[in-house]
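Chemist: Provided below for reference: sequence and predicted model.
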Amino acid sequence: IRDKYDYILIDCPPSLGILTVNSIRVSDEVMVPVETSRFSMQGVDHIMDIINLIRERLNHQVKCKILITMFDSRLRHSFSMLGAFKEKFGTLLYDTIIHVNVKLKESVVIGKTVAAFDKYCRGSKDYNSLSKELIFLDSQNEEMQALKRERSIFRPLSDKMKETVKTESKQFCVTRFAIEAPEARTVYVTGSFNDWSLNDTCRLNPSNGKWVVDIPLNPGVYEYQFIVDGVWKEDPVNCRKERNPYGDDNSLIEVTIDQALNV
């Protein structure tokens with residue numbers, strides 16, 4: 001069945017019975033949805049113990065991450081508990097947070113997905129952001145594996161290939177992408193110029209509070225977004241935008257043959 005799907009999600013009951021244990025056993029990664037409460041934090045500790053037991057007894061190296069759900073941004077208590085979760089679990093938390101949204105409950109009542117019911121509501125955007133983060137994290141893992149394979153089969157370029165690369169490179173314009181994100185840990189840029197893929201060539205480097213990368217592009221008009229700590233964002237200083245099918249705005253950049261456009 002793995003060959004038929006890119007991702008398989010198993011929705012487990014809120015208990016640690018045999019069904020949940022079996023689901024963990026056949027999974028590569030466990031997503032633990034939690035509310036911002038003290039009891040939820042204790043529940044996560046219990047689940048971690050079970051996962052560690054499965055790792056040791058069954059030699060199954062499953063990864064685990066925590067998803068904050070039903071987050072009520074109107075309450076100070078929510079932010080207080082969110083801080084406690086971040087302090088205790090750190091990088092085990094997804095960057096995406098699922099907020100309280102009545103549209104999520106209304107969509108269930110009429111038997112529709114929230115994206116089909118109201119794709120512009122807060123709940124739909126949160127889950128859309130989560131799906132992008134999952135794909136982003138998965139692509140990072142694939143990127144590391146691909147890099148190892150490339151290194152193992154690398155061979156020096158022939159003189160003819162070097163000349164070809166030199167000739168082709170003259171057709172590109174070096175284009176700078178930059179965004180201010182002093183608190184960020186990782187920043188990428190992706191867009192129609194690379195089929196919305198992620199690799200080291202589109203990773204930005206920190207520079208005095210900004211994140212910057214220079215990418216060689218062919219002349220043309222491209223859509224793009226930044227990915228700041230797994231969260232997709234439009235360029236805040238670029239007024240040229242275009243609405244995408246998910247209800248967000250993609251930023252637009254035009255690269256000309258005579259000079260590259262810095263953004």
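Modeler: Alright, I've got the coordinates. Residues are numbered from 1 along each chain as shown.

Chemist: how about the strands in the stretch 101-250 of the chain?
Modeler: Secondary structure of the stretch 101-250 of the chain (DSSP state E, counting those that start in this stretch): strands located at 173-180, 187-191, 205-207, 210-217, 220-228, 231-233, 241-243, 249-255.

Chemist: where does the residue nearest to residue 178 when sequence neighbours are not counted land on pLDDT?
Modeler: Residue nearest to residue 178 in three dimensions, not counting chain neighbours: residue 212, with 4.6 Å by CB to CB, 6 or more residues apart in numbering. (Glycine included, C-beta is placed from N, CA and C.) Per-residue pLDDT puts residue 212 at 93.

Chemist: let me know which of the strands of the stretch 101-250 of the chain is the nearest to residue 40.
Modeler: Among the strands of the stretch 101-250 of the chain, strand 231-233 comes nearest to residue 40, with 22.6 Å by CB to CB.

Chemist: hmm, back to that, let's have the strands of the stretch 101-250 of the chain in JSON lines, adding mean neighbour count.
Modeler: Shown next, in JSON lines, are the strands of the stretch 101-250 of the chain (neighbours: other CB atoms under 10 Å):
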{"stretch": "strand 173-180", "mean neighbour count": "17"}
{"stretch": "strand 187-191", "mean neighbour count": "23"}
{"stretch": "strand 205-207", "mean neighbour count": "11"}
{"stretch": "strand 210-217", "mean neighbour count": "18"}
{"stretch": "strand 220-228", "mean neighbour count": "19"}
{"stretch": "strand 231-233", "mean neighbour count": "17"}
{"stretch": "strand 241-243", "mean neighbour count": "11"}
{"stretch": "strand 249-255", "mean neighbour count": "19"}
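
Chemist: the residue nearest to residue 178 contacts residue 175, doesn't it?
Modeler: No: using CB atoms under 8 Å, residue 212 is not in contact with residue 175, being 11.4 Å away.

Chemist: so residue 51 makes contact with residue 30?
Modeler: Yes: between residue 51 and residue 30 there is a contact under CB under 8 Å: 6.3 Å.

Chemist: what do the two both touch?
Modeler: Residues touching both residue 51 and residue 30 (CB atoms under 8 Å, 6 or more residues apart in numbering) are 24, 62, 64.

Chemist: restricted to strands, list those.
Modeler: residue 64 (DSSP state E).

Chemist: re the thing from before, for residue 92, find the nearest of the strands of the stretch 101-250 of the chain.
Modeler: Nearest of the strands of the stretch 101-250 of the chain (CB to CB): strand 231-233, 16.9 Å.
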